[in-house]
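Peer 1: One predicted model, sequence on top.
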Amino acid sequence: MFNAASDGFMLIAAALVFIMTPGLALFYGGMENKRNAVTMMMQNFFSVGWTTVLWVLFGFSLAFGPDVKGIIGNGHYFFLNNLSMNTLFPGNDQISMLTFMVYQLMFAIITPVLMTGAFADRMRFKSFIIFLTLWLFIVYFPLAHWVWGNGFLAKWGVEDFAGGLVVHTSAGFGALAAIFYLGKRKHILEGNHNLPLIVIGTALLWFGWFGFNAGSALRVDTDTNVAFATTMIAASFAAVTWMFMDYWRTGRWSALGFMTGSIAGLATVTPTAGFISPQAAMIVGIVSAIICHLAVDFKNKRNWDDALDVWGVHGIGGFSGIILLGIFGSSAILGSNGLIYGGASFFVKQVAAAIFVAIYAYVVTYILIWITDKISPVRVPEGAEETGLDAYEWAEATYVDA
């Protein structure tokens, strides 16, 4: 039966998730060199418009339409046909299907642009549009169906509350493929040009994440409260842990480290948020900071040019969160019991799903960038790297003296 309170909450949650994309634009834009900030921010913000077009025409139906052999949704909702104001979301019959469509759209908007921080300073905007389109159709839409649209992973028993697989693992390991295909930057301009922008961007991301995680309950009940609380707890424990790790290593405090740690905690708790206790969320936060920090260190030692640590924070965060859910999940809250409650088979499924999605996202993304490169050269000329992409591709600049 339709519930106005739950439907209204989901519309607010959708708006919260929407604000994460401009938050990401500010976060990444502040971390960029000032001569590339417009390019970075527009790669993020362009997805708001373009992904919406693709989603309402085809994507929603492919992700959440009636299942076809566990692989993809059919065309039942193409062009938003067969949706009316009175169509209820079949998952709980409490919210409008139109509300559910808009809420899931916000996830589709932000997921692919998480990758932009990895290949910063290197990709032509025209090629980015082609790549974004291909990635949504071949990676995101099918993956959303497999996990959330009654696809084969869901039928097997894999759980992902708000996007550890669908969002963070897919984008993080896709980002890794992108940096290997594109190679290192030939001219690395000094980044982190505006720390206040990074702080504001982090604040908007953290704020929006409450809609991301708590909203994934898809109704208002006690699990909504659990997801909200575990989100705050894990992010805070991770931020503080990361900052203390930086201080222990360097003898100096790091505002950027605090911000990065909070994002690592948020990415890692995302798949677990509605399935674990607040006490487990404390552990998830601490573990996420340690694992993601070590991943960033590993990347640096290997000299991988993941400009803004997308793989180390989002990829490893989402991957780790899926496995941690396999350990700390509790049926007393929601979902399946994890390893510590005797759920060994569930733990194995979570590990297998994390490995499968990471490999799929990496391999397919690499192929899609190769295809994009054949359609339109992906990498900007060396001279553009040296002078900055804003001057090369845009008529605007972040600052008049940029």
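Peer 2: Perfect, I can see it now.
Peer 1: where's residue 187 relative to residue 101, distance?
Peer 2: Here residue 187 is placed at a distance of 43 Å from residue 101 (C-beta to C-beta, to the nearest Å). No exception for glycine: its C-beta is placed from N, CA and C like everyone else's.
Peer 1: Then residue 210?
Peer 2: Using C-beta to C-beta, residue 210 is found at 21 Å from residue 101.
Peer 1: again with residue 248
Peer 2: 47 Å.
Peer 1: Give me the more crowded residue out of these two.
Peer 2: Just comparing residue 248 and residue 101: by other C-beta atoms under 10 Å the higher neighbour count belongs to residue 101, 22 against 8.
Peer 1: where's the more buried one, which helix or strand?
Peer 2: helix 97-113 (DSSP states H and E).
Peer 1: Mind listing what's buried along the next helix or strand after that helix?
Peer 2: Remark: after helix 97-113, the chain's next helix or strand is helix 125-135, criterion DSSP H and E. By neighbour count on 16 or more other C-beta atoms under 10 Å, the buried set for helix 125-135 is 127, 128, 129, 130, 131, 132, 133, 134, 135.
Peer 1: Could you dump these into TSV with distance to residue 116 added?
Peer 2: Output for the buried residues of helix 125-135, formatted as TSV (distance: C-beta to C-beta, whole Å):
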residue	distance to residue 116
127	12
128	8
129	12
130	14
131	10
132	9
133	15
134	15
135	11
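Peer 1: Pick out whichever of these sits closest to residue 367.
Peer 2: Proximity of the buried residues of helix 125-135 to residue 367 (C-beta to C-beta) peaks at residue 134, which lies at 9.3 Å.
Peer 1: Pull the contacting residues for that closest one.
Peer 2: Applying C-beta atoms under 8 Å, 6 or more residues apart in numbering to residue 134 gives the contacts 368, 371, 372.
Peer 1: Buried among those? Make that a PyMOL selection.
Peer 2: A single PyMOL command is used to select the members of the contacts of residue 134 judged buried by 16+ other C-beta under 10 Å:
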select buried, resi 368+372
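Peer 1: Let me know the closest of the contacts of residue 134 to residue 140.
Peer 2: Distance to residue 140 across the contacts of residue 134 (C-beta to C-beta) is lowest for residue 368, with 11.3 Å.
Peer 1: The strand or helix carrying that closest one - contacts with which helices or strands?
Peer 2: Assessed by DSSP H and E, residue 368 sits inside helix 344-375. Applying 3 or more C-beta pairs under 8 Å, 6 or more residues apart in numbering; DSSP states H and E, we find helix 344-375 packed against helix 125-135, helix 141-148, helix 152-156, helix 170-182, helix 316-328.
Peer 1: wait, residue 159 sits on residue 274?
Peer 2: No: Residue 159 is not in contact with residue 274 according to C-beta atoms under 8 Å; the separation is 9.6 Å.
Peer 1: next one: the lowest-mean-pLDDT helix or strand in the chain to chain centre, how far?
Peer 2: Comparing helices and strands within the chain by mean pLDDT, DSSP states H and E singles out helix 382-387 as the least confident, with a mean of 87. The chain centre lies 29 Å from the centre of helix 382-387; the measure is C-alpha atoms, centre = their mean, to the nearest Å.
Peer 1: Need the contact partners of whatever helix or strand comes next after that helix.
Peer 2: For helix 382-387, the following helix or strand on the C-terminal side (DSSP H and E) is helix 389-393. Contacting residues not belonging to helix 389-393 are listed as 35-39, 121, 124-125, 380-381, 383-384, 396-398, 402 [C-beta under 8 Å, 6+ apart].
Peer 1: Rebuild the buried residues of helix 125-135 as a markdown table, extending it with pLDDT and distance to residue 30.
Peer 2: Shown next, in a markdown table, are the buried residues of helix 125-135 (pLDDT from 0 to 100; distance: C-beta to C-beta, whole Å):
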| residue | pLDDT | distance to residue 30 |
| --- | --- | --- |
| 127 | 97 | 24 |
| 128 | 97 | 20 |
| 129 | 98 | 24 |
| 130 | 98 | 27 |
| 131 | 98 | 24 |
| 132 | 98 | 22 |
| 133 | 98 | 27 |
| 134 | 98 | 29 |
| 135 | 98 | 25 |
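Peer 1: For stretch 119-132, measure first residue to last.
Peer 2: Taking C-alpha to C-alpha, to the nearest Å, the first and last residues of stretch 119-132 lie 13 Å apart.
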